[in-house]
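Enquirer: Based on what follows, work out the 3D shape:
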Amino acid sequence: MLNKVLILSASAGAGHVRAAEALEKEFKQSGAAREIRNVDVLTYTNKVFRHLYSKAYIDMVNRMPELLGWLYDHFDKPWKNERRRLALDRLNTRPLIKLLEEYKPDIAVCTHFLPAEILSWLKAKERTTCKQAIVVTDFDVHAMWLCRHYEQYFVALEETRMHMEKLGIDADKLTVTGIPIDPVFALTKDKRAMRLKHNLQPDKTTILVSAGGFGVGRIEDLSTCLSELQHDAQVVILCGRNEELKARMDRCAAKLRANSRISFVNVGYTTLMDEFMSASDILIGKPGGLTTSEALSKGLVLVIVNPIPGQEERNSDHLLEEGAAIRCNNLPVLAYKVDQLLEDTERFARMKANASRLARPHSARDVVSKLLQLPTD
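Expert: Numbers count the residues shown, from 1 in each chain. Modelled structure (predicted):
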């Protein structure tokens, strides 16, 4: 058993925080640590830096995704510019450095590259003896995740492990676990029962549309296109914390033509994603690392729409290559593509099987298990 565990994430997008929450839950359920502290490191930075990392990121996702993609590619140069970036991050994360030095955890588990970089620097300066584990929260790895002082990396895919080994990461310190998701996703829940619980028609094809925790993306346009489906289906739209989006979607659903073959159910922020995924057949949306991993654990076929340039584009590549997803680049043909998918029942069954094959529903458990095996000082 570990004594003090510090889990470090950053609320730049919802995925890093959800991975941290999944690990915290697993630590508690397994009794693997006496004390667990889960921290959003952006609360230990200055106001301007915090704004840059959180709100500015969401603004770019919504308004300038091409710029986000350019930045992703521009900074994806392994072992380049690390001193310059570290100098900037150190300047803006002094409260975080103080926390790490005063709390003195046995191990810090980082689900974001910012705290990983800071902790690596502290270890290099011998200002901490804390072990560091780094959990990469996308299928691919970006150069900003690379550190020189660490005890363990956890990655989603064998290909990612091989890539990192080629970049100089110690092979013995690389473990493929998948991306940590809430342990609840490992529980089997009856599809019909979940549909009835959430007031859905029990025998109708169910399509889940996720706008993510922050309710971003072209959800209204997407729903308008889905209204042209020729197959009978019900579409559940998860609007996240975006109450304005939820209100707009309710108005759109009220205007649906009487002879439409689909129905819309709009849901605000929910902690029952596992139940909605258990009730569904298809997930339509952006392929973020956490949402995708959750969907795979439920055997959902993914329809990728407007992935964010950069990490989501790379996630898409892996899913398409493995036959677990299709991609729609032009929204006006979304209904056509989904109809084609539903029409070919053999293909649809193969894709569901591929999704289940890629799934790692016990990822959080596997991370915690490996951490308990690390050598003690």
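
Enquirer: Not counting sequence-adjacent ones, nearest residue to S280?
Expert: Here the nearest residue to S280 in space, its sequence neighbours aside, is L208; by Cβ to Cβ, 6 or more residues apart in numbering that works out to 4.1 Å. Where you see a C-beta, it was placed from the backbone N, CA and C, and this is true even at glycine.

Enquirer: can you map out the strands along the stretch 1-150 of the chain?
Expert: In the stretch 1-150 of the chain, the strands defined using DSSP state E, counting those that start in this stretch lie at 2-9, 33-40, 107-110, 131-135.

Enquirer: export the ones you listed to JSON lines and tack on distance to A349, mean neighbour count and mean pLDDT?
Expert: Conversion of the strands of the stretch 1-150 of the chain to JSON lines gives the following (distance: least, Cβ to Cβ, whole Å; neighbours: other Cβ atoms under 10 Å; pLDDT from 0 to 100):
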{"stretch": "strand 2-9", "distance to A349": "37", "mean neighbour count": "22", "mean pLDDT": "95"}
{"stretch": "strand 33-40", "distance to A349": "39", "mean neighbour count": "17", "mean pLDDT": "95"}
{"stretch": "strand 107-110", "distance to A349": "38", "mean neighbour count": "27", "mean pLDDT": "97"}
{"stretch": "strand 131-135", "distance to A349": "33", "mean neighbour count": "26", "mean pLDDT": "97"}
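
Enquirer: Redo these as JSON lines? Include distance to A233.
Expert: As requested, these are exported to JSON lines (distance: least, Cβ to Cβ, whole Å):
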{"stretch": "strand 2-9", "distance to A233": "36"}
{"stretch": "strand 33-40", "distance to A233": "38"}
{"stretch": "strand 107-110", "distance to A233": "40"}
{"stretch": "strand 131-135", "distance to A233": "36"}
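
Enquirer: Find the residue at the geometric middle of the chain.
Expert: L290 (2.2 Å; Cα atoms, centre = their mean).

Enquirer: The residue nearest to S280 - how many residues pack around it?
Expert: When counting by other Cβ atoms under 10 Å, one arrives at 25 neighbours for L208.

Enquirer: Repeat that for Q29.
Expert: For Q29, the number of neighbouring residues by other Cβ under 10 Å comes to 12.

Enquirer: correct me, but it touches D182?
Expert: No - taking contacts as Cβ atoms under 8 Å, Q29 lies outside contact range of D182: 10.5 Å.

Enquirer: thinking again about what came up before, wait, what's in contact with the residue nearest to the centre of the chain?
Expert: The contact partners of L290, by Cβ atoms under 8 Å, 6 or more residues apart in numbering, come to A14, G15, R18, A19, T137, I179, I181.

Enquirer: hmm, back to that, closest to K197 out of the strands of the stretch 1-150 of the chain?
Expert: Nearest to K197 among the strands of the stretch 1-150 of the chain is strand 33-40; the distance by Cβ to Cβ comes to 29.1 Å.

Enquirer: helices or strands next to that closest one in the packing?
Expert: In this structure, strand 33-40 packs against strand 2-9, helix 15-30, with contacts taken as 3 or more Cβ pairs under 8 Å, 6 or more residues apart in numbering; DSSP states H and E.

Enquirer: for the last one, which positions count as buried?
Expert: Right, helix 15-30. Within helix 15-30, the residues that qualify as buried by neighbour count (16 or more other Cβ atoms under 10 Å) are 15-27.

Enquirer: isn't E165 right up against K173?
Expert: No - at 9.8 Å, E165 and K173 do not qualify as touching, with contact defined as Cβ under 8 Å.

Enquirer: Quick check: phi and psi at P105.
Expert: P105 adopts backbone torsions of phi -70, psi 160, taken as degrees, to the nearest 10.

Enquirer: Just the pLDDT at it, thanks.
Expert: At P105, the predicted lDDT confidence score is 94.

Enquirer: cool, and the one 10 residues further on?
Expert: pLDDT for P115: 92.

Enquirer: domain parsing for the chain?
Expert: If the domains of the chain are taken from automatic domain parsing, they occupy 2-181+361-373, 184-358, with pieces of a single domain joined by a plus sign.

Enquirer: Okay, now the unreliable bits of the stretch 151-300 of the chain?
Expert: Of all residues in the stretch 151-300 of the chain, those with pLDDT under 70 make up the ranges 211-217, 256-259.

Enquirer: Quick check: K370 touching Q152?
Expert: Yes - distance between K370 and Q152: 6.6 Å, which falls inside the contact criterion (Cβ under 8 Å).

Enquirer: Could you check which of those two is surrounded by more residues?
Expert: Between K370 and Q152, counting by other Cβ under 10 Å, Q152 is the more crowded of the two (21 against 14).

Enquirer: Need phi/psi at the more buried one.
Expert: Note on Q152: backbone dihedrals following degrees, to the nearest 10 are phi -160, psi 140.

Enquirer: which residues of the stretch 151-300 of the chain fall in helices?
Expert: For the stretch 151-300 of the chain, the helices defined by DSSP state H, counting those that start in this stretch cover 158-166, 191-197, 219-226, 243-254, 273-278, 289-297.

Enquirer: right, so of those, which gets closest to P375?
Expert: Shortest distance between P375 and the helices of the stretch 151-300 of the chain, using Cβ to Cβ, is found for helix 158-166: 20.5 Å.

Enquirer: Can you give the contact residues for that closest one?
Expert: Residues external to helix 158-166 that are found in contact with it (Cβ under 8 Å, 6+ apart): V136, F139, D140, V141, L146, Y153, V155, A171, L174, T175, V176, H318.

Enquirer: Same question for stretch 329-342.
Expert: Outside of stretch 329-342, the residues within contact range by Cβ under 8 Å, 6+ apart are 205, 207, 218, 221-222, 225-231, 233, 282, 284, 301, 303, 305-306, 326, 328, 347-348, 351.

Enquirer: one step back: list the residues that contact the residue nearest to S280.
Expert: Residues V235, V236, L238, F276, M277, A279, S280, I282, L283, I284, L300 are the ones in contact with L208 under the rule Cβ under 8 Å, 6+ apart.
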